[in-house]
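K.L.:
have a look at this prediction, sequence included:
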Protein chains: 2
Amino acid sequence: LARFSEANTREINVLVLLCMLMITFSVTIRYFFSRVRKSFLSQHRIHFLASLVWLIGLAFIGGGVRQSIGLFSQIDTDWHLAIFWTEFCLVFRGIWRLLHTVNRLSRTGNNPAILLGGSFLFLIIVGTGLLMLPVSRAQPPELADPIGAPFITALFTSTSASCVTGLIVVPTGSYWSTFGQVVILSLFQIGGLGIMTWGALLAVASGRSIHVRQSATMGEMLESNGLSDLKRLLLTILLFTLMAELIGAVAISGLWSDRPLGEQSFYSLFHAVSAFCNAGFSLQDDGLLGMGERWQVWGGMAALIICGGIGFSVIYNLVLILKSKYWDIERTPLFSISKQKTRLTLSSRLVLVGTSLLLLAGTFSFFFLESLASEGSSPLGHRWADAWFQSVTMRTAGFNTVDLGEMQTSSKLVSIGLMFIGASPGSTGGGIKVVCFMLIGLSLVSIYRGRPRVEWAGRSVPDESVKRALTIVTVGVMTVMLTTLLLTIFENRPGEFIDILYEATSAFGTVGVSTGLTAELSPPSQIVIMVTMFLGRIGPLTLLLALSRTNQGGLEYEYPEERVMLG
Amino acid sequence: LARFSEANTREINVLVLLCMLMITFSVTIRYFFSRVRKSFLSQHRIHFLASLVWLIGLAFIGGGVRQSIGLFSQIDTDWHLAIFWTEFCLVFRGIWRLLHTVNRLSRTGNNPAILLGGSFLFLIIVGTGLLMLPVSRAQPPELADPIGAPFITALFTSTSASCVTGLIVVPTGSYWSTFGQVVILSLFQIGGLGIMTWGALLAVASGRSIHVRQSATMGEMLESNGLSDLKRLLLTILLFTLMAELIGAVAISGLWSDRPLGEQSFYSLFHAVSAFCNAGFSLQDDGLLGMGERWQVWGGMAALIICGGIGFSVIYNLVLILKSKYWDIERTPLFSISKQKTRLTLSSRLVLVGTSLLLLAGTFSFFFLESLASEGSSPLGHRWADAWFQSVTMRTAGFNTVDLGEMQTSSKLVSIGLMFIGASPGSTGGGIKVVCFMLIGLSLVSIYRGRPRVEWAGRSVPDESVKRALTIVTVGVMTVMLTTLLLTIFENRPGEFIDILYEATSAFGTVGVSTGLTAELSPPSQIVIMVTMFLGRIGPLTLLLALSRTNQGGLEYEYPEERVMLG
Ligand SMILES: [K+]
Ligand SMILES: [K+]
């Protein structure tokens, strides 16, 4: 923003004028080229109205309304008045458009996408309110009156925690009071559980009716499964999560054995929940820096991260297989999963193989890229442990045992790749998801082998799924690139492009690693990062919902096909 | 490479061992999990053999073969011998694999993909030979014996010219003699014509039979159209190209009016051909730096670039429409285009709208991003002219009227986007192509609107085309990222990541702009850039051929479908 206020405002003014001019021009052109002019007019009423009102206003200004009737005397010149008027029209048009879009999306009743986004927004707003209370902030001793955190800091922290990202503008351990830390812990616990539950619900719904019906409300979707089944699913997820976190907390408690018992318990619990939910928040200002060699980190924390990132449905699938192998299943298993109880589903297979591949590839890449650059600086075992932990954490958890800013550019690029891919569907992780990544890889294999379908383990994947995976990747790349572009415009850091790309991908994949840029970002950049975190969290699920809805829209009309030339 | 030789070779040795170990491990695992073990064994005979031979060798080495029989006495230790043996096995396996792949691809006779790649390879090799001759190089006056260019320089220049890229490691104007410059001119003229012809041929072939048949040889493909038709198509393309280039050369000759007539003509012709073929080679060491305000550049050169980049089929389509509007068509038009003679095809529409959009968006982005950073440094008209020319040239031609290394990071990122998108299908341009970009955009619109198909101008696009477009984008992003990763490993330039990404995209999109990095690259990086230029040139067409072939492979067996969970 600093650069903007310095910059000559003339260009921005011209831009504003051109923007409105282009809107007016485009709507006129589209009107003349439209097939049914009357329906076009009624559909785009608001565009015409905005442009018309704008033009009339301009005409008045040109006609000297300011001088003749003495209005707007506080504005310098007609030119300024025209700019002001244009900005007003643009903002008015924007707000109307937003309302229109919300209205369209919500027309289908309790649209799952609105519910999904709304639930996270609600969580963020409540969190922001709580974090702004003076009691949430660790009070500096020299101050008499207690002060709360500024709005933007609270909003950023709340967004980061609710979206289970872990990017921070202030150190969690020293800036917030214990109450504030409990609020943050609750936010990422609820956010993590929330996204797992949503994933499971949508999988159940789409597993049942194959496609989420266009008019389906969440209620309708779940009705057929019965409310008791729903309760059991939610309860199982909740119990599983809490159990894993408690066991994890006990396992890693040795890390803080030198602290008093109360603090040790809180630290263990906070980090265990943070690891399982792939949140990446840490109470220590330098994260887990230098702790890489301790087994609680490369063993305990890594296990928690992998468990949380592999997804509930895969673990459930594995548990059912084990159960059916060694003893009879007394109670009916949950929902549609029951049909495939004794066999590894294709999704589970893809997740397990993909996760193993990525963990191995990441470990080896980090080890060799870092060793090539600075060999012998630390013992071999330590370097392997660091490489392994970074490989585990980079796909979505976002802890660090090394200074990430000091890593090689090539390692950072590998990290960006891992962050973009992310964890499993229906887990607490982000990114485009491992299954999506595997489908892309398998589809390339099928092209090379000349096979018409994507095949794996004796099953073929529907073409529709492959197209969805490709769409998710493309939209993901576009989101990351747009975020990066905005950050490069708002930040003046010529030599740090890789760090900006790293930050953008970290936000998109809700990873939360940073090379140290986050705390130095200007307010507009912070807003960009917040929006990207939010999109990274709810985006892929929303996109999938939208894609499944396009599959069976009421086709009142259909156009003839025409092939296009691509190469 | 400097970094590699410095680095401790121990890590590389371990990597080599692990590589072979992993291959052995994976083939064993896959054997035990394969459905039909016997056929798996016979299919992967060579993998088993390589691993077995390797293991036996290792056993002998471990058994002390060196000491006991006195062989390999020149090798220091058993450890070195084991490494040497492993490397040998890896190389042997790699060569066998390559042969196998070539054999599989060529099994279908004159496979179009092999022909396409082969023709460009042939051109590159001939060009390299010619450029290595002493007569091609401008001889420094202080030398008595004439010397030729080094192999890697000649190879790089020949690849860059044949693939119509324009990246250079030595200045074209001062390093090469006039003979060498004529060789380069011929290479990009042939390369440009070649890719246009291939595009037209493949469009004709796929337009006729909807899908290129799996067994189709080029001959079969063209047979149905008759040889005379083929000749006419090629002749039309040739005539159109030469005419456009000649007119262009005359138009831009004013740029060098201060030079003698012979030189002026050569300069005009060279730059006109370079512009029309979107080659981006210039005889001036600093390109068109500072010439942005002259109408020959923003008018003449820009028109040539746009004409060359918009593709032959679109121009032919436009000519036919004009013809049919104002007078009767006496002769039968060429091939399948005839069916749609009097109407703008969907491809043409997408190209024209997409090109206009990108030109406008690029111009405005460059103008505003550069103006925000350094306002008032040069007059307004000059800045607009520069922004316009960069917008025109960035999508694939690769000339420059400003110092590209001095541009803002945000402008560079916009450039990378434009380079990645590239020009039209069937043109001299590169990238993923404008139609692909438009299809992606339209498919997002259709998702937002909840429509099941991608629609535009009263036509719907086949789902298959959209999936292909998405595949091209995904593979393109992967190629650029892999190139960037390799460059960051081979080059030690921590603060110049954006320039490396820029260079990689420039090679992929066969654009040829550079922030000044190319000439400083180490040999391994130069090889990476060469491979990427080659892939960027033949990749998208080859991928499309492969994709259309997967569409109707002989399905001896088919697996049951299983849906996967993506979100
Ligand atoms: K995270
Ligand atoms: K070029």
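P.N.:
Good, I have the coordinates. Ligands and ions are numbered 1, 2, ... in the order given.

K.L.:
check which helices and strands whatever helix or strand A:L544 lives in sits against.
P.N.:
Using DSSP states H and E, A:L544 sits in helix A:523-550. Under the contact criterion of 3 or more Cβ pairs under 8 Å, 6 or more residues apart in numbering or on different chains; DSSP states H and E, helix A:523-550 touches helix A:112-132, helix A:151-162, helix A:178-209, helix A:463-490, helix A:497-508, helix B:434-449. All C-beta atoms are positioned from the backbone trio N, CA, C, and that covers glycine.

K.L.:
the second one near ligand 1 at all?
P.N.:
No: contact between helix A:151-162 and ligand 1 is absent, the nearest approach being 8.6 Å (criterion: Cβ under 5 Å from the ion).

K.L.:
domain parsing for chain A?
P.N.:
For chain A, automatic domain parsing gives the domain ranges A:2-107, A:113-550.

K.L.:
point out the most buried one among the ones you listed.
P.N.:
Of all the domains of chain A, domain A:113-550 has the most neighbours on average by mean count of other Cβ atoms under 10 Å in any protein chain shown, namely a mean of 20.

K.L.:
quick one: that one to chain centroid distance?
P.N.:
Mean-position distance between domain A:113-550 and its chain equals 9 Å (Cα atoms, centre = their mean, to the nearest Å).

K.L.:
would a markdown table of the helices and strands packed on helix A:523-550 with distance to A:I95 be doable?
P.N.:
Converted to a markdown table, these look like this (distance: least, Cβ to Cβ, whole Å):
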| stretch | distance to A:I95 |
| --- | --- |
| helix A:112-132 | 18 |
| helix A:151-162 | 21 |
| helix A:178-209 | 29 |
| helix A:463-490 | 21 |
| helix A:497-508 | 26 |
| helix B:434-449 | 19 |
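
K.L.:
mind putting those helices into a markdown table with mean pLDDT?
P.N.:
Converted to a markdown table, the helices and strands packed on helix A:523-550 look like this (pLDDT from 0 to 100):
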| stretch | mean pLDDT |
| --- | --- |
| helix A:112-132 | 84 |
| helix A:151-162 | 92 |
| helix A:178-209 | 78 |
| helix A:463-490 | 90 |
| helix A:497-508 | 92 |
| helix B:434-449 | 87 |
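
K.L.:
ok, A:G429 touching A:M394?
P.N.:
No: here A:G429 does not reach A:M394: they are 11.1 Å apart, not a contact under Cβ atoms under 8 Å.

K.L.:
isn't there a helix covering A:A272?
P.N.:
Yes: A:A272 forms part of a helix when assessed by DSSP: H, G, I helix; E, B strand; the rest coil.

K.L.:
between the two ends of stretch A:391-402, how far is it?
P.N.:
End-to-end distance of stretch A:391-402 (Cα to Cα, to the nearest Å): 12 Å.

K.L.:
that one and chain B in contact?
P.N.:
No: using Cβ under 8 Å from any Cβ of the partner chain, stretch A:391-402 stays clear of chain B, with a minimum separation of 14.4 Å.

K.L.:
quick one: the helices in the stretch 251-400 of chain A?
P.N.:
A:261-276, A:295, A:302-310, A:312-326, A:346-373, A:380-394 (DSSP state H, counting those that start in this stretch).

K.L.:
picking up where we left off before, of all the domains of chain A, which lies closest to ligand 2?
P.N.:
domain A:113-550 (22.2 Å; Cβ to the ion).

K.L.:
start to end distance for stretch A:398-405?
P.N.:
Per Cα to Cα, the first residue of stretch A:398-405 is 14 Å away from its last.

K.L.:
just checking, A:S443 touches B:T471?
P.N.:
Yes: contact status for A:S443 versus B:T471: in contact at 7.1 Å, counting by Cβ under 8 Å.

K.L.:
how about the contacts made by A:F120?
P.N.:
Residues in contact with A:F120, defined by Cβ atoms under 8 Å, 6 or more residues apart in numbering or on different chains, are A:162-163, A:191, A:194, A:534, A:537-538.

K.L.:
format these as JSON lines; extra columns: distance to B:L344.
P.N.:
Shown next, in JSON lines, are these (distance: Cβ to Cβ, whole Å):
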{"residue": "A:S162", "distance to B:L344": "50"}
{"residue": "A:C163", "distance to B:L344": "46"}
{"residue": "A:G191", "distance to B:L344": "51"}
{"residue": "A:G194", "distance to B:L344": "50"}
{"residue": "A:F534", "distance to B:L344": "41"}
{"residue": "A:R537", "distance to B:L344": "43"}
{"residue": "A:I538", "distance to B:L344": "40"}
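
K.L.:
which two among those residues are spaced furthest apart?
P.N.:
Across the contacts of A:F120, no pair lies farther apart than A:G194 and A:F534, at 13.2 Å, counting by Cβ to Cβ.

K.L.:
just to revisit the earlier point, now the helix holding A:L544 and helix B:434-449, what's the angle there?
P.N.:
80 degrees (axes from the mean of the first three to the mean of the last three Cα atoms, to 10 degrees).

K.L.:
hang on, the earlier thing: mean pLDDT for the domains of chain A: which is lowest?
P.N.:
Lowest mean pLDDT within the domains of chain A: domain A:2-107, at a mean of 70.

K.L.:
looks like A:G362 contacts A:M419 (just checking).
P.N.:
No: using Cβ under 8 Å, A:G362 is not in contact with A:M419; the gap is 10.6 Å.

K.L.:
list the residues that contact both of those two?
P.N.:
A:394-395.

K.L.:
contact residues of the stretch 51-200 of chain A facing chain B?
P.N.:
Contact residues, the stretch 51-200 of chain A versus chain B (Cβ under 8 Å from any Cβ): A:G199.

K.L.:
do stretch A:180-193 and ligand 1 meet?
P.N.:
No: against ligand 1, stretch A:180-193 shows no contacts by Cβ under 5 Å from the ion, the least distance being 8.4 Å.

K.L.:
how close does A:L123 get to A:G280?
P.N.:
Separation of A:L123 from A:G280 (Cβ to Cβ, to the nearest Å) stands at 17 Å.

K.L.:
ok, A:F534 next?
P.N.:
Distance from A:F534 to A:G280, by Cβ to Cβ: 16 Å.

K.L.:
A strand includes A:E455, no?
P.N.:
Yes: counting by three-state DSSP, A:E455 is found in a strand.

K.L.:
who does it bridge with?
P.N.:
A:S460 (DSSP bridges).

K.L.:
I figured it hits A:L442, correct?
P.N.:
Yes: at 7.3 Å, A:E455 counts as touching A:L442 under the criterion of Cβ under 8 Å.

K.L.:
what residues does chain A put near ligand 1?
P.N.:
Of all the residues in chain A, those lying near ligand 1 are A:166, A:278, A:280, A:398, A:512, going by Cβ under 5 Å from the ion.

K.L.:
repeat that for 6 Å
P.N.:
Contact residues, chain A versus ligand 1 (Cβ under 6 Å from the ion): A:164-166, A:278-280, A:396-398, A:510-512.

K.L.:
pipe the residues you listed into CSV and attach distance to B:S274 per row.
P.N.:
Compiled in CSV, the residues of chain A next to ligand 1 are given as follows (distance: Cβ to Cβ, whole Å):
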residue, distance to B:S274
A:V164, 53
A:T165, 48
A:G166, 51
A:N278, 52
A:A279, 55
A:G280, 51
A:T396, 48
A:A397, 51
A:G398, 49
A:T510, 47
A:V511, 45
A:G512, 48
